[in-house]
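Student: Have a look; sequence and predicted model below, questions after that.
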Amino acid sequence: MMGNNIFDILTTVAVFLALFLIIVIIRKKLAGDKKHYDERQILERGKGYKISFMTTILLNVLYSVFFYGPTKDIVSPQFVVITIALIGIAIYAIYCIFNDAYLQVGQKVGTWMTLIAFVIACNLLAFFANSTKGFTEDGLATGSSINLMLAVLFGAILVSFLIKRFMEKRGDSHEES
């Protein structure tokens, strides 16, 4: 049973990776590679990385010192470590979005929002289609739980894009009045 589940996960990952690579190759052929990060964006991305890294380290230290003992029978350590890593990624992405350092110069937000919505849909589909239910099995995070965590991560990124877009439109309307 476990071998079949791993095969399903690997097959799903391979299909999505192949689709992603095909899309990237087609886009590069059609548009050329004119996009880049400017100096300010590079500095903001560095700050975002530093905040994300320090938060991840702090959460790992807090978990290992204070929460490992009381929670080890409730939730697997592997699940907590994966969750902390995804929290770090979310912090980095959200920081970069709100500081205009997530997209390269010349990239369109709509394209990224569509891609993120696709990733969310695929992960939710994999979550609901997975035969292994629950978040942990024998102390290990299940593929189902990881799909749900990724859907939540990309959902937070998509919501951040929407909030940022709303703030920019609202700011533009206030400037005109």
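Tutor: Perfect, thanks for sending it.
Student: Which stretches in the protein count as helices?
Tutor: Applying DSSP state H to the chain gives helices spanning 2-31, 39-62, 68-71, 77-98, 109-129, 143-176.
Student: now those helices in CSV, with mean pLDDT?
Tutor: Shown next, in CSV, are these (pLDDT from 0 to 100):
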stretch, mean pLDDT
helix 2-31, 74
helix 39-62, 93
helix 68-71, 76
helix 77-98, 91
helix 109-129, 86
helix 143-176, 83
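Student: would you turn those helices into CSV with mean neighbour count?
Tutor: Yep, even glycine has a C-beta here, placed from its N, CA and C like the rest. Below are the helices of the chain laid out as CSV (neighbours: other Cβ atoms under 10 Å):
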stretch, mean neighbour count
helix 2-31, 11
helix 39-62, 14
helix 68-71, 11
helix 77-98, 18
helix 109-129, 15
helix 143-176, 15
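Student: contacting residues for Ala85?
Tutor: Counting by Cβ atoms under 8 Å, 6 or more residues apart in numbering, Ala85 touches Thr56.
Student: if I pick Phe127, what's in contact with it?
Tutor: Phe127 neighbours (Cβ under 8 Å, 6+ apart): 144, 147-148, 151.
Student: ditto for Phe16
Tutor: Taking Cβ under 8 Å, 6+ apart, we find Phe16 in contact with Cys122.
Student: Leu153 now?
Tutor: Applying Cβ under 8 Å, 6+ apart, the residues near Leu153 are 86, 89-90.
Student: Quick check: chain neighbours aside, which residue is closest to Ile87?
Tutor: Nearest non-adjacent residue to Ile87, counting by Cβ to Cβ, 6 or more residues apart in numbering: Leu59, 6.6 Å away.
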